[in-house]
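# dropping the sequence and predicted coords here.
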Amino acid sequence: MNTKLTRTFLVSLTCAALVVGGAFAGVLTYGYRQPEYITMPADPSSSAPVLINSSHILDPGYVPPDLESIYGRGGRAFSLSTADLELSSYVLDAAIEMFAAARDDGVTGYIITSAYRSYERQSELYAKDPYSRKVAPPGASEHQSGLAIDIWSDDYPNDFAATVHWEWIRANCARFGFIVRYPEDKTHITGIVFEPWYLRYVGREAAREIMSRGICLEEYIHPS
């Protein structure tokens with residue numbers, strides 16, 4: 001297919017998904033916002049956190065330039081649900097450090113279940129469940145940025161938030177630059193239901209402020 005036509009199609013798909021799904025970030029608090037494309041900094045590791053949600057979307061063609069395979073990294077501090085997972089290199093380094101610290105504290109058995117996810121893959125997932133507010137529309141997923149991971153524990157509990165793994169993450173993730181991206185009491189702002197297993201890398205300084213204040217990324221970047 002012609003490249004220009006392909007991009008036009010993907011942009012149209014993104015806009016349609018945003019409208020149909022109704023998962024606009026802050027829609028209940030701030031009302032409708034026309035989605036706008038964002039530009040990722042050349043070096044996100046040294047930049048202020050970038051807001052990615054249903055109002056601030058990634059270009060369909062965006063792929064992080066520093067993706068690195070997680071497989072074979074981290075020793076026995078964590079395991080993977082599948083061998084083909086990737087993350088931005090500096091985010092992977094931070095995750096390895098975090099899970100090693102958890103292991104040293106006696107909390108083991110973390111599984112990384114999802115990491116980088118392409119625009120096309122996000123489109124497939126969203127098409128299966130567009131109304132639940134559990135899956136971000138294509139372009140609005142931080143997984144596409146290479147900055148987010150989903151985690152679980154190896155005893156496969158029904159409720160991750162009831163595990164010691166969650167308690168450790170909630171208390172310690174900010175030390176390594178991660179936040180719980182979708183807190184329990186912020187769905188009216190984020191547009192996504194509580195996901196204790198979903199971690200976003202924002203850098204240590206921002207993570208400490210966000211987690212200590214009990215706010216979400218939207219409130220940190222756009223304080224009222």
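Ah, there it is.
# can we go C-alpha only for contacts and neighbour counts from here?
Noted.
# in this protein, what helix or strand scores lowest on average pLDDT?
Using mean pLDDT, DSSP states H and E, the weakest-scoring helix or strand in the chain turns out to be helix 27-30, at a mean of 41.
# can you name the next helix or strand after that helix?
strand 36-37 (DSSP states H and E).
# please name the nearest non-neighbouring residue to residue 175.
The shortest distance from residue 175 to any non-neighbouring residue, by C-alpha to C-alpha, 6 or more residues apart in numbering, is to residue 204 (6.1 Å).
# repeat that for residue 103.
Spatial nearest neighbour of residue 103, excluding adjacent residues (C-alpha to C-alpha, 6+ apart): residue 77 at 6.0 Å.
# contacting residues around the residue positioned nearest the centre of the chain?
Nearest to the geometric centre of the chain sits residue 148, at 3.6 Å (C-alpha atoms, centre = their mean). In this structure, residue 148 makes contact with 87, 115-116, 142, 198-201, judged by C-alpha atoms under 8 Å, 6 or more residues apart in numbering.
# show the pLDDT at it.
Per-residue confidence (pLDDT) for residue 148: 98.
# leaving out chain neighbours, which residue sits closest to it?
Per C-alpha to C-alpha, 6+ apart, closest to residue 148 is residue 200, 4.4 Å.
# please look at the one you found and residue 179 and confirm they touch.
Yes: using C-alpha atoms under 8 Å, residue 200 is in contact with residue 179, at 5.4 Å.
# the more surrounded of the two?
Under the neighbour definition other C-alpha atoms under 10 Å, residue 200 and residue 179 were set side by side, and residue 179 has more, 31 against 23.
# helix or strand: which one has that one?
With DSSP H and E as the test, residue 179 turns up in strand 178-182.
# CA-only coordinates of that strand in CSV, if you can.
Extracted C-alpha coordinates of strand 178-182, given in CSV (Å, rounded to 0.1, in the frame of the first residue of the first chain):
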residue,chain,number,x,y,z
PHE,A,178,8.6,4.1,38.1
ILE,A,179,5.1,5.1,39.0
VAL,A,180,1.8,3.2,39.2
ARG,A,181,0.4,4.8,36.1
TYR,A,182,-3.3,4.2,36.8
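# so what secondary structure elements neighbour that strand?
strand 195-201, helix 204-213 (3 or more C-alpha pairs under 8 Å, 6 or more residues apart in numbering; DSSP states H and E).
# if you set the cut-off to 6 Å instead, what comes out?
On a contact count with 3 or more C-alpha pairs under 6 Å, 6 or more residues apart in numbering; DSSP states H and E, strand 178-182 meets strand 195-201.
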